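K.L.:
with the sequence up front, the predicted model follows.
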Amino acid sequence: MNNSISLDYQINRLGFWCVIIALATTVVSFVLPLDAPEAYNAEHADRIAWLNAHRGAFIAGWVNQIIAMFTLSGVLFAIAWKVRIKNPLRALLAAMVILMSVVAFIIPKFMAIWTIPLLAETAASGAVGAEMSDSLLLLLNVSIPFSLYTSFDYLGFWLYAVFAVLVMAPLYGDSTSSKVSSLLLGAFGVIYQAMLIALLVGAIGATEINTYFMSIAGLLIIVVIAMAFNFKAAMASSADQR
């Protein structure tokens with residue numbers, strides 16, 4: 001088996017297993033909490049108390065999010081590899097965008113498992129640094145769509161949307177899975193950019209950000225499922241050329 005076929009097989013296998021893990025973490029995310037109940041409207045003191053009482057579950061929920069982010073990015077990276085044949089420049093740019101999105105996503109998620117629990121503990125104990133911790137918890141509220149914390153998350157999704165615009169045309173191919181993935185990625189990328197413009201001009205209110213932006217992000221789940229069939233077929237094709 002020559003090196004090019006070997007690499008192609010490995011990347012498609014990576015994409016396929018990333019699909020499996022990404023879907024599994026999506027299911028787990030419905031079980032593990034990411035913040036206090038009604039966190040958007042919760043009193044700050046109640047949120048601190050909840051974070052201290054459910055520290056383990058909170059950290060587990062965000063560790064699951066980190067795994068979900070890495071595996072979804074793995075799926076998108078494998079898509080970038082696929083489009084290299086039709087448009088190498090777009091494939092290279094798309095891969096670079098995905099790498100930047102991982103940086104944008106990992107910063108807030110690492111703060112969720114490292115910084116936020118320690119801030120909540122310090123704020124509740126009244127120890128040295130409690131006042132600073134209290135203020136930082138307000139800035140790093142994971143449920144307020146315009147907090148410093150969530151700004152990194154939405155930056156990551158915006159980079160996903162840029163990626164989608166780059167790959168939507170060259171991804172379109174003969175197979176049903178590539179056509180579905182191409183069309184859905186195109187819809188996600190274009191609609192996300194349009195909603196960002198609408199937000200910047202004031203057409204979308206701050207309290208509506210989650211509803212608009214996260215609902216359209218759900219298209220990525222369908223893309224992931226469709227690409228599972230594409231990766232599996234590509235693996236079989238590469239194996240036949242051994």
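P.N.:
Good, I have the coordinates. Numbering: from 1, shown residues only.

K.L.:
distance check, the residue nearest to the spatial centre of the chain against residue 120.
P.N.:
Nearest to the mean C-alpha position of the chain, by CA atoms, centre = their mean, lies residue 69 at 4.5 Å. Distance, residue 69 to residue 120, using CB to CB, to the nearest Å: 23 Å. Where you see a C-beta, it was placed from the backbone N, CA and C, and this is true even at glycine.

K.L.:
with residue 209 instead?
P.N.:
From residue 209 to residue 120 the distance is 24 Å (CB to CB).

K.L.:
neighbour count: the two, which is higher?
P.N.:
A count of neighbours by other CB atoms under 10 Å puts residue 120 above the other of residue 209 and residue 120, at 22 against 17.

K.L.:
wouldn't that one be in contact with residue 45 here?
P.N.:
No. Counting by CB atoms under 8 Å, residue 120 does not reach residue 45; the two are 10.8 Å apart.

K.L.:
re earlier: okay, and the residue nearest to the centre of the chain sits in which element?
P.N.:
Secondary structure assigned from DSSP states H and E places residue 69 in helix 55-82.

K.L.:
for residue 22, same thing?
P.N.:
Taking DSSP H and E as the criterion, residue 22 maps to helix 3-29.

K.L.:
can you list contacts of the helix or strand just after that helix?
P.N.:
Note on helix 3-29: by DSSP H and E, the next helix or strand toward the C-terminus is helix 44-53. Residues outside helix 44-53 that contact it (CB atoms under 8 Å, 6 or more residues apart in numbering) are 35-37, 39, 42, 58, 116-117, 120-121, 123-124, 134, 137-138, 141.

K.L.:
lowest-confidence entry in the residues you listed?
P.N.:
Lowest pLDDT within the contacts of helix 44-53 is found at residue 39 (74).

K.L.:
could you pull up the residues touching residue 67?
P.N.:
The neighbours of residue 67, taking CB under 8 Å, 6+ apart as the test, are 21, 25.

K.L.:
pLDDT at it, what is it?
P.N.:
On the pLDDT scale, residue 67 gets 97.

K.L.:
buried sites along the one helix or strand residue 199 maps to?
P.N.:
For residue 199, the host element (DSSP H and E) is helix 176-200. If you call a residue buried by 16 or more other CB atoms under 10 Å, then helix 176-200 has these buried ones: 177-178, 180-186, 188-189, 191-192, 195-196, 199.

K.L.:
what does stretch 25-41 give?
P.N.:
Residues 25, 26, 32, 35, 36, 39 are the ones in stretch 25-41 that count as buried (16+ other CB under 10 Å).
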